[in-house]
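>>> Any chance you can model this:
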Amino acid sequence: MKNFLLTFLSLVFIPFLSFSQCVPDTVFTGLVGVADDAYVLEDTTGLNMGETIVDPTALPNAIVGDAYETFFNMRIPTDTVIEYDLGSGPQLFDPVYINTIGVNEIQGLPMGFSYECASQNSDGAITDMSCIFPGGGYGCLRLFSDEVPNVVGTYPLVVALDIVAEYEVFGIMIPVEVTDDSLLNYLVLIVEEGDNSGVGELVDAREFKSLGTYPNPFNKSTTIHFGNNNSENVKFSVYDILGNLIQTENINSNIGHNEFIFEKGNLTSGLYTYSISNGVKTITERIVIH
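Below you'll find the model as predicted:
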């Protein structure tokens, strides 16, 4: 059974702040509030019924050996629209009254990273270290590492949310309790070496672009990470140093983060280039086989 909420959560990412406690931001007005220094993207997923809203899915890169910190500021409405499958197919329930939304877990966090929260209710009272945000209130989630360990790689993250709500049927309030892992499942955290030229780039997994290749150089196999804004077949090709095509195959990709394991096979040591094409755009990266 798949459940997901529509137009219920406003979220901004505020990267590279000096280390501080998580404090909910009550400046938000309307559906979405955007801090002056937030990095945001437009929503093209259709989750908001054709509306164009600010949709923050980018995280700043983490650098091995450095401290890392970014904040998620949240505004929780008192009511929303929910699509829920009672067994006869998805139905829209409108309105659904939100009691609380809580962070159940952040799936995919690499070793050395943690998170903490603070919650503020509609009366202004703040509860530190609470990841349960009341309807009509605000929340702050801090993702951090005191010192990023050597876990270089690409990590797709999923923020699983516990939603406690209720809706009215013929004057009777029906409780709804679901854990939703579909709304915030496009986040990608990239951990890089300090001398990497890509340091500071903000990453959205719903762009057709490379999200890293690890390890590189490699001996037997490497994992190629890439993002896509469509669910489609893409063409993967490998070329030798002279530009000769030596391997090609089709890959079934999905919206968001994708990964593909490339096996060395019979290839000899040396420099190669791979490309991933969706027919409109092409990702090109170099790889080295030991």
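>>> Surely residue 25 is in contact with residue 139?
No. In this structure, residue 25 is not within contact of residue 139 by Cβ atoms under 8 Å, at 9.4 Å. C-beta: built from backbone N, CA, C; applies to glycine.
>>> hey, what's in contact with both of these two?
Common neighbours of residue 25 and residue 139 are listed as residue 73 (criterion: Cβ atoms under 8 Å, 6 or more residues apart in numbering).
>>> neighbour-wise, which of those two wins?
Comparing residue 25 with residue 139 by neighbour count (other Cβ atoms under 10 Å), the higher total belongs to residue 139, at 28 against 17.
>>> before we move on, which element is the more buried one in?
Using DSSP states H and E, residue 139 sits in strand 138-145.
>>> name the helices or strands packed onto that strand?
Secondary-structure packing of strand 138-145 (3 or more Cβ pairs under 8 Å, 6 or more residues apart in numbering; DSSP states H and E): strand 68-75, strand 90-107, strand 114-120.
>>> Average the pLDDT values over the helix or strand following that strand and round to the nearest integer.
Using DSSP H and E, the helix or strand that follows strand 138-145 in sequence is strand 153-169. What strand 153-169 shows for mean pLDDT is 88.
>>> and the helix or strand that strand 153-169 is followed by, which strands flank it?
Tracing the chain C-terminally past strand 153-169 and defining elements by DSSP H and E, one meets strand 172-192 next. According to DSSP bridges, the neighbouring strands of strand 172-192, each with its direction, are strand 62-63 (parallel), strand 153-169 (antiparallel).
>>> Pretty sure residue 183 sits against residue 161.
Yes. Contact status for residue 183 versus residue 161: in contact at 6.7 Å, counting by Cβ under 8 Å.
>>> Comparing the two, which shows the higher neighbour count?
Higher neighbour count among residue 183 and residue 161: residue 161, with 23 against 20, using other Cβ under 10 Å.
>>> Kindly provide the distance from the residue nearest the centre of the chain to residue 27.
Taking Cα atoms, centre = their mean, the centroid of the chain lies closest to residue 187, which sits 1.1 Å from it. Between residue 187 and residue 27 the computed distance is 23 Å (Cβ to Cβ, to the nearest Å).
>>> Would you mind listing the buried residues in the helix or strand containing residue 288?
Assignment of secondary structure by DSSP H and E places residue 288 within strand 282-289. Using 16 or more other Cβ atoms under 10 Å as the test for burial, strand 282-289 gives 283, 287, 289.
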